[in-house]
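Undergrad: quick one, what's the 3D model for this:
(one chain, ligands or ions: 1)
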Amino acid sequence: MLDINKIRQDFPILKRQVNGKPLVYFDNAATSQTPQQVIDVIVDYYSNYNANIHRGVHALSQEATDKYEEARLTIQHHFNAEKAHEIIFTSGTTHSINLVANGFATLLQKDDELIVSALEHHSNIVPWQMLCEKTGAILKVIPMTLEGELDMDAYSKLLSNKTKLVFVNHISNALGTINPIKSIIDQAHKVGAAVLIDGAQACPHIKPDVQALDADFYVTSAHKICGPTGIGMLYGKEAWLNKMQPYQGGGEMIDQVTFEKTTYAGLPHKFEAGTPNICGGIAFGAALDYMNAIGFDAIADYEHELLDYGTKQLEAIDGLKIYGTSKNKTSVISFNLEGIHPYDVGTLLDKMGIAVRTGHHCAQPIMAFYKIPGTVRASFAFYNTKSEIDALVEGVKKAKMMLS
Ligand code: PMP
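TA: Now for the predicted structure:
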């Protein structure tokens, strides 16, 4: 059992008011809030050992390097990667996916096939379309069902020995559906295809084990997991990372540079050109420590309670429709009020201090499937409460009255 009152004390932002009302923060799927324990790590870095890493002989540089590499180990253990150098620091999920898409440019041939799902965020669609344009590979799409699940029969039929890569999210940001990624990975491996899992929405709720999943690539952003923005990671199996060309050239990623020829550094540095987000990397490690101290099983149990409670309350409102009704979902409720634009609902909720997301959630194909411009999305985290959900429900009822 989580001690929610104690947990809420860790998050200074939850004490603030918005538009004269106590903040109810339900935009966790966009970015999570930051506990004092992580803020302290950021302040400590800039107050006490801010220095560039991997290069200096001086004490501060060594301290910063040690902490940054310790954070890599924390991330390695969290995701159960076999080797620390299979963890590449990136600026986030988007950067990680672009890095892999670029790395595959020299590994694909015309008419090779790539498989994406209908449930993806734009950042797991557009980089692959750019790769197809470059290479002549063909993008195929796993369709979705009305419940917001993937059509797994259709997926099995799309796979063939032409399939080289499959990329799907672990959890949909727009609907909250948890996708059957183990089955997706196993089926892809049978035809020799590699699989990239976009874990941006999963990592706040689930502790993924990349070896048990046998994922070839797993990517995420720290800001969804109580860490800062501008930092994330790419897990890649060593064998794939070694085959891929580097994404960016520059300092840190080289072995030897002459004007005739440059040779690259080994992993992970080959993919970490330039001065990285050092403080962000260290804070990413601290955020995982914070979440692990609370415990992912307890987090998942409590968030399910919130999801069930919120779903029951909201679906009781006449004219309210929830999109994404899979039994396998996390604490995301995407909905619309009949005849009312989601933006108008979100604007009125904001006036009541309630932060939700409105729009297409960077998943326009999902909105096109449902033939809607967007949804109102309330996404709950482990520091939210049932009384905050009550405030949301009251707010939605008021918005309905004012806008009908
Ligand atoms: N994929 C999913 C499923 C997401 O939810 C997000 C963030 N909304 C991203 C990718 C992109 O993450 P970032 O903007 O941190 O790169």
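Undergrad: spell out which residues of the stretch 151-300 of the chain are next to the ligand.
TA: Contact residues, the stretch 151-300 of the chain versus the ligand (CB under 6 Å from any ligand atom): Asn169, Asn173, Asp198, Ala200, Gln201, Ser221. For the C-beta atoms, the positions are set from N, CA and C on the backbone; glycine is no exception.
Undergrad: distance of the residue of the chain positioned farthest from its centre from the ligand?
TA: In the chain, the residue that sits farthest from the middle, by CA atoms, centre = their mean, is Glu260; the gap is 40.4 Å. Separation of Glu260 from the ligand (CB to the nearest ligand atom, to the nearest Å): 37 Å.
Undergrad: am I right that that residue is in a helix?
TA: No - checked against DSSP: H, G, I helix; E, B strand; the rest coil, Glu260 lies outside a helix; its state is coil.
Undergrad: show me what contacts it?
TA: Not one residue lies near Glu260 by CB atoms under 8 Å, 6 or more residues apart in numbering.
Undergrad: ok, now how distant is it from Gly250?
TA: Distance of Glu260 to Gly250, computed by CB to CB, to the nearest Å: 18 Å.
Undergrad: equivalent analysis for Ile206, please.
TA: 34 Å.
Undergrad: settle it for me: which of these two has more neighbours?
TA: Ile206 (17 against 11; other CB atoms under 10 Å).
Undergrad: per-residue pLDDT of the spatially most central residue of the chain, please?
TA: The centre of the chain sits closest to Ala200, judged by CA atoms, centre = their mean, with a distance of 0.9 Å. At Ala200, the predicted lDDT confidence score is 98.
Undergrad: now the helices: where do they sit in the stretch 101-250 of the chain?
TA: 126-135, 152-158, 181-190, 210-213, 238-243 (DSSP state H, counting those that start in this stretch).
Undergrad: adding mean pLDDT and mean neighbour count, write those helices out as TSV.
TA: Below are the helices of the stretch 101-250 of the chain laid out as TSV (pLDDT from 0 to 100; neighbours: other CB atoms under 10 Å):
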stretch	mean pLDDT	mean neighbour count
helix 126-135	98	17
helix 152-158	98	15
helix 181-190	98	17
helix 210-213	98	16
helix 238-243	98	15
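Undergrad: and the ones you listed: which comes nearest Glu305?
TA: helix 181-190 (24.2 Å; CB to CB).
Undergrad: tally of neighbours for Gln17?
TA: Gln17: 9 neighbours (other CB under 10 Å).
Undergrad: any idea how far it is from the ligand?
TA: 26 Å.
Undergrad: try Ser123
TA: 4 Å.
Undergrad: can you get me a residue count around Cys203?
TA: Neighbours of Cys203 using other CB under 10 Å come to 29.
Undergrad: and it, what does it touch?
TA: Going by CB under 8 Å, 6+ apart, the list of residues near Cys203 reads Thr220, Lys224, Ile225.
Undergrad: those in strands, which ones?
TA: Taking DSSP state E, the ones among those that sit in strands are Thr220.
Undergrad: residue ranges with poor pLDDT in this structure?
TA: Along the chain, segments meeting pLDDT under 70 are nowhere present.
Undergrad: domains of it?
TA: Following automatic domain parsing, one gets these domains for the chain: 4-26+295-399, 39-293.
Undergrad: reformat these as TSV; add distance to Ser32.
TA: Listed next are the domains of the chain as TSV, based on distance: least, CB to CB, whole Å:
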stretch	distance to Ser32
domain 4-26+295-399	6
domain 39-293	5
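Undergrad: ok, which of these comes nearest Gln33?
TA: domain 4-26+295-399 (5.0 Å).
Undergrad: now do the end-to-end distance for the closest one.
TA: One end of domain 4-26+295-399 to the other measures 29 Å (CA to CA, to the nearest Å).
Undergrad: how far does it sit from its chain's centre?
TA: Chain-centre distance of domain 4-26+295-399: 18 Å, with CA atoms, centre = their mean, to the nearest Å.
Undergrad: how about stretch 387-400?
TA: 27 Å.
Undergrad: just send the contacts of Cys203 back as a markdown table, with distance to Ile317 and neighbour count too.
TA: Converted to a markdown table, those look like this (distance: CB to CB, whole Å; neighbours: other CB atoms under 10 Å):
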| residue | distance to Ile317 | neighbour count |
| --- | --- | --- |
| Thr220 | 34 | 29 |
| Lys224 | 28 | 26 |
| Ile225 | 31 | 22 |
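Undergrad: pull the CA atoms of stretch 91-105 into CSV?
TA: Only the C-alpha atoms of stretch 91-105 are listed here, as CSV (Å, rounded to 0.1, in the frame of the first residue of the first chain):
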residue,chain,number,x,y,z
SER,A,91,17.9,13.4,-25.4
GLY,A,92,14.7,11.3,-25.2
THR,A,93,12.5,8.8,-27.0
THR,A,94,12.4,10.9,-30.2
HIS,A,95,16.2,11.1,-30.4
SER,A,96,16.5,7.4,-29.7
ILE,A,97,14.1,6.4,-32.5
ASN,A,98,15.8,8.7,-35.0
LEU,A,99,19.2,7.3,-34.0
VAL,A,100,18.0,3.7,-34.8
ALA,A,101,16.3,4.8,-38.0
ASN,A,102,19.5,6.5,-39.1
GLY,A,103,21.5,3.4,-38.1
PHE,A,104,19.4,1.2,-40.3
ALA,A,105,19.9,3.3,-43.5
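Undergrad: what's in contact with that stretch?
TA: Against stretch 91-105 from outside (CB under 8 Å, 6+ apart): 88, 90, 121, 123-124, 127-128, 130-131, 134-135, 164-165, 167, 196, 198-200, 217, 219-223, 229-234, 236, 240-241, 243-247, 271, 277.
Undergrad: does that stretch reach the ligand?
TA: Yes - using CB under 6 Å from any ligand atom, stretch 91-105 reaches the ligand at Gly92, Thr93, Thr94.
Undergrad: report the angle between the helix or strand where His95 lies and helix 126-135.
TA: Per DSSP states H and E, His95 falls inside helix 93-103. Angle between the axes of helix 93-103 and helix 126-135 is 20 degrees (criterion: axes from the mean of the first three to the mean of the last three CA atoms, to 10 degrees).
Undergrad: let the chain start at 60 from now.
TA: Understood, numbering begins at 60; the last thing we discussed is helix 152-162.
Undergrad: buried stuff in helix 152-162?
TA: Buried residues in helix 152-162, counted by 16 or more other CB atoms under 10 Å: Thr152, Thr153, His154, Ser155, Ile156, Asn157, Leu158, Val159, Ala160, Asn161, Gly162.
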